[in-house]
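Colleague: everything below, folded, please.
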Amino acid sequence: MTRWDDGYGILQVGAVAVPLEVAASYRARTRGLLGRDGIEGALLLTPAASVHTFRMRFAIDVAYLDRSLRVRAVVTMAPGRLGLPRPLSRHVLEAEAGAMAGWGLRPGIRVGVRPRGRLDTA
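Modeller: Alright, predicted model coming up:
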């Protein structure tokens, strides 16, 4: 079992490497993408099985991942929406709308995560 910490990393989608933020603490998951005008790369929420886009400023792609980081579903959510919980999902990836299709991310693909550093949460 992997222990996740808030920090930065690289999301590997096939041959594509994407900058990644990891939100593993309650505080970081609660904040998510709120208050931002966009994101370069992706945000991994862990553990998580659902998300919402209330008070978000932009539409996002959402990928639901199982424990082995296999993509179970990918949806695009407009601001002000509540996503339904996905059974067997353990992690959620968020990115700007349209980004995941550009990376080739789709259900059935297994992604990789390489850590790059910790967030200063003090």
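
Colleague: what residue lies at the spatial centre of the chain?
Modeller: Note on the chain: the residue nearest the mean C-alpha position is Leu93, at 1.7 Å, using CA atoms, centre = their mean.

Colleague: assumed it was part of a strand.
Modeller: Yes: under DSSP: H, G, I helix; E, B strand; the rest coil, Leu93 falls within a strand.

Colleague: may I ask you to confirm that it is in contact with Leu43?
Modeller: Yes: in terms of CB atoms under 8 Å, Leu93 counts as a neighbour of Leu43; the distance is 7.1 Å. For glycine as for every other residue, the C-beta is placed from the backbone atoms N, C-alpha and C.

Colleague: quick check: bridge partners of the residue nearest to the centre of the chain?
Modeller: Beta-bridge partners for Leu93, by DSSP bridges, are Leu44, Ala63.

Colleague: quick one: contacts for it?
Modeller: 11, 42-45, 61-63, 65, 100, 105, 111 (CB atoms under 8 Å, 6 or more residues apart in numbering).

Colleague: likewise for Leu20?
Modeller: 8-11, 41-44, 113, 116.

Colleague: take those residues and keep only those in strands.
Modeller: Taking DSSP state E, the ones among the contacts of Leu20 that sit in strands are 8-11, 42-44, 113, 116.

Colleague: got the phi and psi for the nearest residue to Val13 once chain neighbours are set aside?
Modeller: Leaving aside its sequence neighbours, Val13 sits nearest to Trp103 (CB to CB, 6 or more residues apart in numbering; 4.5 Å). Per-residue torsions, Trp103: phi -80, psi -10 (degrees, to the nearest 10).

Colleague: paired strands for the host helix or strand of Val71, with orientation please.
Modeller: Assigned by DSSP states H and E, Val71 falls within strand 71-77. Applying DSSP bridges to the sheet, strand 71-77 is found paired with strand 60-65 (antiparallel).

Colleague: who touches the helix or strand of the chain at the bottom of the mean pLDDT ranking?
Modeller: The least trusted helix or strand in the chain, going by mean pLDDT, DSSP states H and E, turns out to be strand 112-118, with a mean of 78. Strand 112-118 has contacts (CB under 8 Å, 6+ apart) with 5-12, 20, 22, 44, 69.
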